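Peer 1: quick one, structure for this:
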Amino acid sequence: MDVRLTRYSRGGGCACKIPPGELEEMVAGLPAGGGTAELLVGLDHGDDAAVVRLDPTTGIVATADFFTPVVDDPYDWGRIAATNALSDVYAMGGTPLVALNLLCWPRDVLPMEVAREVLRGGHDVTREAGCHLAGGHSIDDEGPKYGLAVTGLVRPEELITLDAGRPGLPLSLTKPLGVGVLNTRHKSTGERFPQAVAAMTTLNRDAARAAVGAGVRCGTDVTGFGLLGHLSKLARASGVTAVVDTAAVPYLHGAREAVRDGFVSGGSRRNLDWVTPWTDFGQVAEDDRILLADAQTSGGLLVAGEVPGGTVIGELRPRGEHLVVLR
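Peer 2: Residues are numbered from 1 along each chain as shown. Okay, here's the model as predicted:
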């Protein structure tokens, strides 16, 4: 059955996230802890996952991520959602161990065989990652949503966090930007963009291993808050200013044309509004600002350090007037 899944999506992929400013206000002041194990990473800076110390050499990484359809093909959507959820563990320097499906499905509207294709996509990605996929939870809902709850392992001394950045470190990005505007075009026109699907289904496993091997201890992945949003969080947590060489930032083929033609999600525009008060945009054009704030789905790693295969896009400097400066 040929179904356009994106028609059932208010905001595709990570663009459907609650805006970052509203999210920070919502969780501000919520207590952390309460368990018996040592909490290494919690709510303090909005890192990609929670981490507790199991013993002196082992930390447990826990995360959950799910979203509305970002592409029409159910198998591809399942692969993208699973890749995105696993990325939270990789972004912390960890290795996924076991995952559970999270599925919301309008069973009176969409056939269950379509849901099966979504689950098959998630299964194939977790198998590629060497991560068990062992059941999960499903509900009958008015709109389709899919993702994973993932548990992984990390060595505490190899943990990658938002607050470990230091002046003088380069900034590296491991995937090109632009999937947000391409997905918005896909949702509107039905055009297919294999380059976007390929980027979103590429595991951050190898990039994470390279980062850990290079001694990187500060980083995140680039998802719904866009490059500028996630970079702002890193700079704030680390007490530094991030300077970006905009000419060095890589983009997927067709991304600039999508912005030019007006295919920009509401989530990307909200991202740009959110970062504007603490960003020095210099002479950077409006279209480039939008691309830098574009809500990504299953984006690459953004790390403080040089990573084989990554692109150096800037550096960290001592904290100045702005959190982010564009050159």
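Peer 1: helix, strand, or coil at the most far-flung residue of the chain relative to its centre?
Peer 2: Centroid-distance maximum for the chain: D108 at 31.2 Å, with CA atoms, centre = their mean. Three-state assignment for D108 (DSSP: H, G, I helix; E, B strand; the rest coil): coil.
Peer 1: distance check, it against G136.
Peer 2: 21 Å (CB to CB, to the nearest Å). For glycine as for every other residue, the C-beta is placed from the backbone atoms N, C-alpha and C.
Peer 1: next up, the contacts around A62.
Peer 2: 49-52, 149-152 (CB atoms under 8 Å, 6 or more residues apart in numbering).
Peer 1: out of these, which are inside strands?
Peer 2: 50-52, 149-152 (DSSP state E).
Peer 1: list the contacts for the residue nearest to the spatial centre of the chain?
Peer 2: The residue lying closest to the centre of the chain (CA atoms, centre = their mean) is T223, at 2.7 Å. T223 is in contact with 14, 17, 84, 87, 230, 295-299, counting by CB under 8 Å, 6+ apart.
Peer 1: what's around R209, how many residues?
Peer 2: Burial of R209 is recorded as 15 neighbouring residues (other CB atoms under 10 Å).
Peer 1: next one: R256
Peer 2: Count around R256 with other CB under 10 Å applied: 15.
Peer 1: equivalent analysis for D55, please.
Peer 2: Neighbours of D55 using other CB under 10 Å come to 8.
Peer 1: quickly list what it is bridged to.
Peer 2: Beta-bridge pairing of D55 under DSSP bridges involves T58.
Peer 1: so E257 lies in a strand, does it not?
Peer 2: No: E257 is assigned helix when assessed by three-state DSSP, not a strand.
Peer 1: measure it to D47 for me?
Peer 2: Taking CB to CB, one finds E257 at 34 Å from D47.
Peer 1: more neighbours, these two?
Peer 2: For E257 versus D47, neighbours defined as other CB under 10 Å are more numerous around D47 (25 against 13).
Peer 1: domain parsing for the protein?
Peer 2: Residue ranges for the domains of the chain, per automatic domain parsing: 5-157, 160-326.
Peer 1: first to last residue in the first one, what's the distance?
Peer 2: Okay, so that is domain 5-157. 42 Å (CA to CA, to the nearest Å).
Peer 1: just checking, A64 is part of a helix?
Peer 2: No: counting by three-state DSSP, A64 falls outside a helix, being strand.
Peer 1: nearest residue to it in space, please, no chain neighbours.
Peer 2: A149 (4.2 Å; CB to CB, 6 or more residues apart in numbering).
Peer 1: hey, what's A62 bridged with?
Peer 2: A50, T151.
Peer 1: do you know how far it is from G226?
Peer 2: 25 Å.
Peer 1: how many residues are close by the residue lying closest to T83 once chain neighbours are set aside?
Peer 2: Spatially, and ignoring its direct neighbours in sequence, T83 is nearest to S298 (4.8 Å; CB to CB, 6+ apart). By other CB under 10 Å, the residues close to S298 number 31.
Peer 1: who's in contact with S298?
Peer 2: S298 touches 13-14, 80, 83-84, 87, 179, 199-201, 223, counting by CB under 8 Å, 6+ apart.
Peer 1: quick one: which of those is nearest T6?
Peer 2: G13 (9.5 Å; CB to CB).
Peer 1: identify the residues contacting the closest residue to A255 other than its chain neighbours.
Peer 2: Once flanking residues are discounted, A255 sits nearest to G178: 2.8 Å by CB to CB, 6+ apart. Applying CB under 8 Å, 6+ apart, we find G178 in contact with 196, 251-252, 254-256, 258, 291, 294.
Peer 1: switch the cut-off to 7 Å
Peer 2: By CB atoms under 7 Å, 6 or more residues apart in numbering, the contact set of G178 is 251-252, 255, 291, 294.
Peer 1: quick one: the residue farthest from the centre of the chain from D140, how far?
Peer 2: 8 Å.
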